[in-house]
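1. Build me a model:
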Amino acid sequence: MQLTPEIRLTDEQSRVIATLIREELARRRISRQLLADQAKISISTLEKALSGRRPFTLATTIRLEQALGVALRANDTPVPAPHGVAPDELGFYSRRAVQWIEGVYLTLRPSFGDKHAIYAYRTEISWDEPSSRLTFRESERLDAAFTQQGVVSVPNPSGHIYLVTNVHGQYRLIIVARPTISGEMYGILTTLQVGRGAQLTPVAAPIALLPLGKMKEVQFGRIGPQDACHALYREHLKRTVDEPFALFMQG
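-> The predicted model follows:
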């Protein structure tokens with residue numbers, strides 16, 4: 001996704017950058033006009049940004065970095081996103097670019113308590129306007145106390161979609177491949193399995209998200225071999241590993 005000149009840095013970022021530029025100007029003994037000419041920006045734009053009357057834009061900062069040959073932004077400094085675009089840490093995607101992910105999905109994973117059963121529940125992925133990002137929310141879970149919700153990351157480089165839950169630093173992560181031609185998403189779930197007492201054990205399992213509107217028959221909960229949907233659900237989970245959309249390595 002291309003960054004636009006309209007993306008403005010925060011006031012704090014602008015103050016830091018202005019200080020660094022003034023230091024470079026003094027160290028090199030060059031004028032502001034010369035720097036503006038080398039960066040191909042107007043002297044008025046540079047003066048207003050250095051005085052704090054206008055924040056630096058990302059495009060202006062990049063040009064100044066190229067002219068000075070120094071980094072003006074810290075590597076861990078987040079780039080503010082314009083309205084309607086998710087934050088950089090989630091992939092910097094626009095809503096239009098990810099509308100094809102929005103929807104309600106039947107979610108399948110192996111049951112952690114019964115090796116022959118499949119756990120089925122509902123996941124909705126939708127755009128959250130106030131926070132400008134995709135979010136997800138689960139429902140129809142047999143264990144309602146463990147219902148998850150979180151944010152959706154869609155970075156271009158990996159070609160995968162990440163559903164992330166973060167509760168006080170405790171993470172649960174789903175990584176799925178982008179939807180197939182019929183809309184299914186297959187991948188891997190990493191979470192904690194509840195054991196005896198307060199014991200929690202890290203666990204990974206295949207997972208499938210199927211567009212709910214395309215399903216002819218649906219059952220939620222713990223689906224065993226005696227249930228009508230078990231064979232179909234099992235085929236989808238097998239597809240995750242057989243194709244493979246996810247690999248489970250053994251040492």
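
2. so how far is Asp88 from the spatially most central residue of the chain?
-> Residue closest to the average C-alpha location in the chain (C-alpha atoms, centre = their mean): Ser153, at 1.3 Å. Between Ser153 and Asp88 the distance is 10 Å, computed by C-beta to C-beta, to the nearest Å. Quick note: C-beta positions are derived from backbone N, CA and C, even for glycine.

3. Same check on Ile41?
-> 23 Å.

4. Please identify which of these two sits among more neighbours.
-> Legend: neighbour count by other C-beta atoms under 10 Å for Ile41 and Asp88, higher for Ile41 (18 against 14).

5. And the more buried one, how close does it get to Arg95?
-> Ile41 sits 31 Å away from Arg95, going by C-beta to C-beta.

6. Give the residue spans of the stretch 51-200 of the chain that score low on pLDDT.
-> For the stretch 51-200 of the chain, the stretches with pLDDT under 70 are 75-83, 196-198.

7. Try it again at 80.
-> The model of the stretch 51-200 of the chain has pLDDT under 80 over residues 74-84, 88, 157-158, 195-198.

8. Show me the strands in it, by range?
-> When secondary structure is read from DSSP state E, counting those that start in this stretch, the stretch 51-200 of the chain shows strands at 103-110, 118-128, 133-139, 149-153, 160-167, 170-177, 185-194, 200-211.

9. Mean neighbour count, the ones you listed: which tops it?
-> When these are scored by mean count of other C-beta atoms under 10 Å, the highest mean neighbour count falls to strand 103-110 (a mean of 21).

10. by how many degrees do that one and strand 118-128 diverge?
-> Angle between the axes of strand 103-110 and strand 118-128 is 150 degrees (criterion: axes from the mean of the first three to the mean of the last three C-alpha atoms, to 10 degrees).

11. Mind giving me the packing neighbours of strand 103-110?
-> Contact here means 3 or more C-beta pairs under 8 Å, 6 or more residues apart in numbering; DSSP states H and E; on that basis strand 103-110 packs against strand 118-128, strand 200-211, helix 230-242.

12. among those, which is nearest Asp37?
-> With C-beta to C-beta as the criterion, Asp37 lies closest to strand 118-128 of the helices and strands packed on strand 103-110, at 43.2 Å.

13. could I get that closest one in PDB with only the CA atoms?
-> Taking only C-alpha atoms (Å, rounded to 0.1, in the frame of the first residue of the first chain), the coordinates of strand 118-128 have been written out as PDB:
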ATOM      1  CA  ILE A 118     -14.800 -31.400  16.600                       C
ATOM      2  CA  TYR A 119     -15.500 -28.100  18.200                       C
ATOM      3  CA  ALA A 120     -17.700 -25.700  16.200                       C
ATOM      4  CA  TYR A 121     -18.600 -22.100  16.800                       C
ATOM      5  CA  ARG A 122     -19.300 -18.800  15.100                       C
ATOM      6  CA  THR A 123     -16.800 -16.100  14.300                       C
ATOM      7  CA  GLU A 124     -17.800 -12.700  12.900                       C
ATOM      8  CA  ILE A 125     -15.200 -10.400  11.300                       C
ATOM      9  CA  SER A 126     -16.200  -6.800  10.800                       C
ATOM     10  CA  TRP A 127     -14.800  -3.300  10.400                       C
ATOM     11  CA  ASP A 128     -14.700  -1.300  13.600                       C
END
